[in-house]
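Participant: Sequence first, predicted model second:
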Amino acid sequence: MKPIYYFVVLAAAVAIAANVSLAQSHPEYIALGRISAALYKPDKGPAPHVAFVIGHRTANYLNHIACRELPSRGFLALCFNTRFQNNDHQGCLVWP
């Protein structure tokens, strides 16, 4: 009985993992001068008429959740990192 139970659980886990991996959007990485960007397009459906530009001054937004979720809802997302990525001292106030 136990081997059958383990097989059913394993088959369900594989089916769920395959479903999740098929739902992922595949970004197109773009070099925009000193800025690195990723263009996320919807995998299916009509061409999007609305696009979002998503970025942050010092954080890495190439794999932000909005970049992954907006295309699944039919929107185009351009996510970018500035040249100041991981440069946290630019945002700090330093007293002499």
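Facilitator: Received, thanks.
Participant: Pass me the low-pLDDT residue ranges in the protein, would you?
Facilitator: 1, 5-9, 15-25, 85-96 (pLDDT under 70).
Participant: Okay, strands next: where are they in it?
Facilitator: 28-32, 35-40, 51-56, 76-81 (DSSP state E).
Participant: Let me have those in a markdown table, adding mean neighbour count as columns.
Facilitator: (Each C-beta comes from the backbone N, C-alpha and C, glycine too.) As requested, the strands of the chain are exported to a markdown table (neighbours: other Cβ atoms under 10 Å):
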| stretch | mean neighbour count |
| --- | --- |
| strand 28-32 | 10 |
| strand 35-40 | 19 |
| strand 51-56 | 15 |
| strand 76-81 | 21 |
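Participant: Nearest to residue 12, out of these?
Facilitator: Nearest to residue 12 among these is strand 35-40 (29.4 Å), distances taken as Cβ to Cβ.
Participant: Residues touching that closest one, excluding its own?
Facilitator: 25, 27-31, 62-63, 67-68, 70-71, 76-83 (Cβ atoms under 8 Å, 6 or more residues apart in numbering).
Participant: change it to 6 Å
Facilitator: The contact list for strand 35-40, computed with Cβ atoms under 6 Å, 6 or more residues apart in numbering, reads 25, 27-30, 62, 67, 71, 77-82.
Participant: and what of stretch 41-54?
Facilitator: Counting by Cβ under 6 Å, 6+ apart, 61, 66, 67, 70, 71, 74, 75, 76, 77, 78, 79 sit against stretch 41-54.
Participant: Just flag the most distant two among those.
Facilitator: Spatial extent of these (Cβ to Cβ) is set by the pair 61 and 74 at 20.4 Å.
Participant: between those two, which one's more packed in?
Facilitator: Ranked by neighbour count (other Cβ atoms under 10 Å), residue 61 and residue 74 place residue 61 first, with 19 against 14.
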